[in-house]
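Asker: this one's sequence-less:
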């Protein structure tokens with residue numbers, strides 16, 4: 001039960017942050033992660049670290065990147081690749097928001113996110129990663145490449161018509 005309680009605390013903190021109380025949510029998320037670690041469990045921890053980093057990204061990009069690297073390292077070490085593509089996507093987006101950014105690194109991380117999701121047969125994470133990559137390519141004035149990245153996901157985009165994911169992808173498709 002301590003693990004489930006800790007995961008619930010993290011998720012409640014994430015919800016608090018999403019509802020606008022970012023600092024309070026981050027504090028609760030961090031407490032949840034500490035409690036999860038105290039149980040010795042690693043189940044889902046890399047993804048939760050990714051969500052924490054995504055929440056931190058607006059105000060603490062360097063810290064967010066450190067947490068993302070920790071999440072990726074943990075996933076690789078423990079073989080827990082659950083939603084690894086999402087962690088990579090988040091990292092690419094955090095890198096893209098930074099003032100000093102390395103375009104090749106951003107593109108590489110986002111392409112890795114797409115590849116990982118496709119390899120895991122995870123269509124929605126693949127679409128999310130492809131949309132992030134397309135957004136990045138478009139910002140680099142590479143609109144045709146952005147369109148090509150989303151082309152393999154055209155059927156899914158059509159099936160998801162009207163959803164937030166389809167609307168985001170349609171901007172670049």
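Answerer: In hand now; what should we look at? Fair warning: this is a prediction, and the values are worked out from it, not measured in the lab.
Asker: same for the helix-or-strand element of the chain with minimal mean pLDDT, what does it pack against?
Answerer: Within the chain, judged by mean pLDDT, DSSP states H and E, the helix or strand with the poorest mean is helix 61-78; its value is a mean of 91. Helix 61-78 sits against helix 45-56, helix 84-97, with contacts defined as 3 or more C-beta pairs under 8 Å, 6 or more residues apart in numbering; DSSP states H and E. (Glycine included, C-beta is placed from N, CA and C.)
Asker: indicate which one of those is closest to residue 1.
Answerer: Proximity to residue 1 (C-beta to C-beta) singles out helix 45-56 among those, at 17.4 Å.
Asker: what is that closest one packed up against?
Answerer: Judged by 3+ C-beta pairs under 8 Å, 6+ apart, helix 45-56 is in contact with helix 2-18, helix 22-39, helix 61-78, helix 84-97.
Asker: out of the ones you listed, deepest packed?
Answerer: Highest mean neighbour count of the helices and strands packed on helix 45-56: helix 84-97, a mean of 24 (counted as mean count of other C-beta atoms under 10 Å).
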